[in-house]
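Asker: below: sequence and its predicted model.
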Amino acid sequence: MLHMIEHVFVEQSLVAAFAVVGGLMLFSNFVAKHLTAGRVHGSAIAIVLGLVLAYVAGLYTGGKKGVADIPALAGIGLMGGAMLRDFAIVATAFEVDVVEARRAGLLGVIALALGTILPFIVGTLTAVAFGYHDAVSITTIGAGAITYIVGPVTGAAIGADSTVMALSIATGVTKAVIVMVGTPLVAKLIGLNNPRSAMAYGGLMGTVSGVAGGLAATDPRLVPYGALTATFHTGIGCLVGPSILFLTVRAIVGA
């Protein structure tokens, strides 16, 4: 029986990858709902678990591709590759309603600009503080501070190694968890109680999972407004990360 299951996983590796990731998401959402009372979004838990599993698999196999080095889970390497990653980003962008986006107005534009630049500056300064001095690594880690998707996309575009891209993902996940947990705590202090403030907050924070989880714990009615502006961060970050931001960093620190 076990041999037959392993054979199916090896022969239908991509289908098996979707099944494994789906199971991980179900478990993560269960943990988020019942153990954190919705304060931590299931996607953040799933990403942390994925990183842990990749590390454990690397120790077990001695390889460099995480769980994809295990033959029965090789399809995860394809599922997490550039093709499906870029497809997911484009599909997300097509879900944005331009008419709805206009509701954010000038406030949303300013929030998006600040929410892209400020985290990037913090991320780059952190990278320098921890001993990274080349433009590629600094930009990749800084991009990860925008969102955990922008980091690896930027890193792949400018030639960062896998270790730096993993750090950029960890940076983005840390930010998402902080936003999820911190939003309900500061909501009253910053007046986060209406759609306009939620759109500004979503633009400043940038992380969709963090903003959605945090607003859901604060006031579920505000989630669509915060997510509306936060959704744009992935597209904007993937656009300016490998281009404007990278060129700026390279002009400052050199190659």
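Answerer: Structure received.

Asker: need the per-residue pLDDT for Ala104.
Answerer: You'll see Ala104 listed with a pLDDT of 62.

Asker: output the below-cut-off pLDDT ranges for the stretch 151-255 of the chain.
Answerer: 255 (pLDDT under 70).

Asker: cutoff 90 now
Answerer: Scanning the stretch 151-255 of the chain for pLDDT under 90 picks out the ranges 151-153, 156-157, 159-163, 165-167, 169-242, 253-255.

Asker: what is the mean pLDDT for the host helix or strand of Leu84?
Answerer: For Leu84, the host element (DSSP states H and E) is helix 82-94. Mean pLDDT, helix 82-94: 62.

Asker: ok, for the residue most central in space within the chain, nearest residue in space, not its chain neighbours?
Answerer: What sits nearest the mean C-alpha location of the chain, by CA atoms, centre = their mean, is Tyr148, with 2.7 Å. Closest residue to Tyr148 apart from its sequence neighbours, by CB to CB, 6 or more residues apart in numbering: Gly172 at 2.6 Å. (C-beta placed from N, C-alpha, C; glycine too.)

Asker: wait, what's in contact with the one you found?
Answerer: Neighbouring residues of Gly172 by CB atoms under 8 Å, 6 or more residues apart in numbering: 144-151, 207.

Asker: just to revisit the earlier point, surely the residue nearest to the centre of the chain touches Met165?
Answerer: No - between Tyr148 and Met165 there is no contact under CB atoms under 8 Å: 10.3 Å.

Asker: quick one: residues contacting the closest residue to Asn29 other than its chain neighbours.
Answerer: Nearest residue to Asn29, sequence neighbours excluded (CB to CB, 6+ apart): Gly42, at 3.7 Å. Applying CB under 8 Å, 6+ apart, we find Gly42 in contact with 25, 28-29, 31-33.

Asker: of those, just the buried ones, PyMOL syntax please.
Answerer: Listed next is the PyMOL selection for buried residues among the contacts of Gly42, using 16 or more other CB atoms under 10 Å:
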select buried, resi 28+29+32
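
Asker: okay if I get the contacts of Gly42 as CSV plus distance to Phe18 and secondary structure?
Answerer: As requested, the contacts of Gly42 are exported to CSV (distance: CB to CB, whole Å; DSSP: H, G, I helix; E, B strand; the rest coil):
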residue, distance to Phe18, secondary structure
Met25, 10, helix
Ser28, 15, helix
Asn29, 16, helix
Val31, 20, helix
Ala32, 21, helix
Lys33, 22, helix
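
Asker: so which of the contacts of Gly42 comes closest to Pro184?
Answerer: Nearest to Pro184 among the contacts of Gly42: Ala32, at 14.4 Å, using CB to CB.

Asker: surely the closest one touches Val48?
Answerer: No - in this structure Ala32 lies outside contact range of Val48 using CB under 8 Å: 11.3 Å.

Asker: overlap in contacts of those two?
Answerer: With CB under 8 Å, 6+ apart, Ala32 and Val48 have no common neighbours.

Asker: does His133 count as helix, strand or coil?
Answerer: Per DSSP: H, G, I helix; E, B strand; the rest coil, the local secondary structure of His133 is coil.

Asker: next up, phi/psi of it, please.
Answerer: For His133, the backbone dihedrals (degrees, to the nearest 10) come out as phi -130, psi 0.

Asker: my guess is it contacts Val253, does it?
Answerer: Yes - look at His133 against Val253 with CB under 8 Å: they come within range, at 6.5 Å.
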